[in-house]
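**Student:** sharing a model prediction with you, sequence too.
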Amino acid sequence: MHVTRDWAKGSSMQNIMLKRLHAAGILEADDRPLAIDLTPSHQGEVHSNAWYSSINALAAALFDRPYDLAVDAYVYKINAPGNRAQSVQVFDANKRSHTIRAKNVVVSASTLETPRLLLNSGIPGPAIGHFLTGHVSMIGIGTISRRQFSDRIGNLSILKFETEEDPYQIQILGPNQYWSYQQFEDRVPTDQLFVVFATFGRVQPRRENRVYVDPNDRDEFGVPWQQVQYSLSDRDRQTAKQVEEGIRRSARAMGVTLDESSLVLRPPGADMHEASTCRMGDDPNTSATNRHGQIHGVQGLFVADNSVLPSLTGAWAVISGTALVIRLADHIVRQSRQYFEM
């Protein structure tokens, strides 16, 4: 995944802003780690796809061995007779049903779609769909004069890490929309540069926040849609206030003029970081899967996406989710070897 803190290395804006934050006592601010491949291509090695995506694993897997990939296939049911995963049923683009058999079924359909598929398949588990968790999220926007930095202004990519006292993180990005691109574009520099404060705070996992299905509301394939029940607790709203004050404090320290009208709590789901609807755990009453992502009591049925995370910190979960998938793959391989050695 090539996680590195070197993305903004050499940027005068990055260096100056970090020094200002540290001088103001915000010591948890640092170069933002990014999953990005900064290795140059050489001697037949290709490193042109810099930004990490889990979809890259599909291409890389072909170098290991061939596999079948069903495109435009809509999975609508998991068959697990006798509490043993056996197959999945899918519709093709013409709405014809097909059965795909497998020794193991790994569901990785997202925090909202995975419980929908499990519930519509009648998979047992009192915690499936419950404990839906997201972030309290706010986007602050401010401006700063370009004259405060050298001509080699570079990128701004700072992360204020969360702490026990501040249960949120702030991604401080700029200038303007160019934080994710090197400065190779021809454009007229403006005197006022935009700085973005993207914040994500912890939300308390609660059973009543959930995904469920309504048999009376069905999609074009006749499969019940998922419904969402979600609200913030008083504790979550207190975290939102801390997030707002954290943006103000960081902006003051950096000399950024903050647009107060931008400080609006985003609606639930706007951050697209949902998790925990099939969370891991030892107790089937409060978790849907065991520590390996296997649905409690159902052999060969696993979940491998953000829905298995027991809770969320203030951080994004993409890399954590990828690590869990790799861990699950290793577990299934070990189980298979033990089976054949018996």
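**Tutor:** Structure's in. What do you need?
**Student:** buried residues in stretch 114-122?
**Tutor:** Using 16 or more other Cβ atoms under 10 Å as the test for burial, stretch 114-122 gives 114-121. Yep, even glycine has a C-beta here, placed from its N, CA and C like the rest.
**Student:** next: stretch 213-231.
**Tutor:** 213, 223-224, 226, 230.
**Student:** what is the residue nearest to I295 when sequence neighbours are not counted paired to in the beta sheet?
**Tutor:** Nearest residue to I295, sequence neighbours excluded (Cβ to Cβ, 6 or more residues apart in numbering): L301, at 4.5 Å. Beta-bridge partners for L301, by DSSP bridges, are V105.
**Student:** for L301, give its distance to V106.
**Tutor:** 8 Å (Cβ to Cβ, to the nearest Å).
**Student:** and D330, by the same measure?
**Tutor:** For D330 relative to V106 (Cβ to Cβ), the value is 13 Å.
**Student:** likewise for N120?
**Tutor:** 17 Å.
**Student:** ditto for K19
**Tutor:** According to Cβ to Cβ, K19 stands 47 Å off from V106.
**Student:** where is the longest helix in the chain?
**Tutor:** The longest helix of the chain (DSSP state H) is helix 318-341.
**Student:** what mean pLDDT would you report for that helix?
**Tutor:** Helix 318-341 carries an average pLDDT of 82.
**Student:** and that helix, which residues are buried?
**Tutor:** 320-322, 324-325, 328, 332.
**Student:** and those as a markdown table, adding distance to Q171?
**Tutor:** What follows is those, written out as a markdown table (distance: Cβ to Cβ, whole Å):
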| residue | distance to Q171 |
| --- | --- |
| S320 | 16 |
| G321 | 18 |
| T322 | 19 |
| L324 | 23 |
| V325 | 24 |
| L328 | 29 |
| I332 | 35 |
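**Student:** ok, so of those, who is nearest S54?
**Tutor:** Using Cβ to Cβ, T322 is the member of the buried residues of helix 318-341 that lies nearest S54, at 5.3 Å.
**Student:** where does the prediction get shaky in the protein?
**Tutor:** 178, 180-189, 338-342 (pLDDT under 70).
**Student:** swap in 90 and give it another go.
**Tutor:** Along the chain, the model assigns pLDDT under 90 to residues 1-3, 10, 35-72, 150-155, 175-191, 269, 271-272, 315-326, 335-342.
**Student:** circling back to that earlier point, higher neighbour count, L301 and V106?
**Tutor:** Using other Cβ atoms under 10 Å, the more surrounded residue of L301 and V106 is L301, with 24 against 18.
**Student:** and that one, what does it touch?
**Tutor:** 78, 80, 85, 104-105, 107, 123, 294-295 (Cβ atoms under 8 Å, 6 or more residues apart in numbering).
**Student:** tell me the domain ranges of the chain?
**Tutor:** The chain breaks down by automatic domain parsing into domains covering 11-34+134-205+232-262, 70-132+274-341.
**Student:** between these, which one is closest to V46.
**Tutor:** Judging those by Cβ to Cβ, what sits closest to V46 is domain 11-34+134-205+232-262, at 19.0 Å.
**Student:** that closest one spans what distance, first to last residue?
**Tutor:** Domain 11-34+134-205+232-262 has its terminal residues 26 Å apart, counting by Cα to Cα, to the nearest Å.
**Student:** and the domains of the chain as a markdown table, adding distance to A61?
**Tutor:** Listed next are these as a markdown table, based on distance: least, Cβ to Cβ, whole Å:
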| stretch | distance to A61 |
| --- | --- |
| domain 11-34+134-205+232-262 | 24 |
| domain 70-132+274-341 | 10 |
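**Student:** to N49, which of the ones you listed lies closest?
**Tutor:** Judging the domains of the chain by Cβ to Cβ, what sits closest to N49 is domain 11-34+134-205+232-262, at 14.1 Å.
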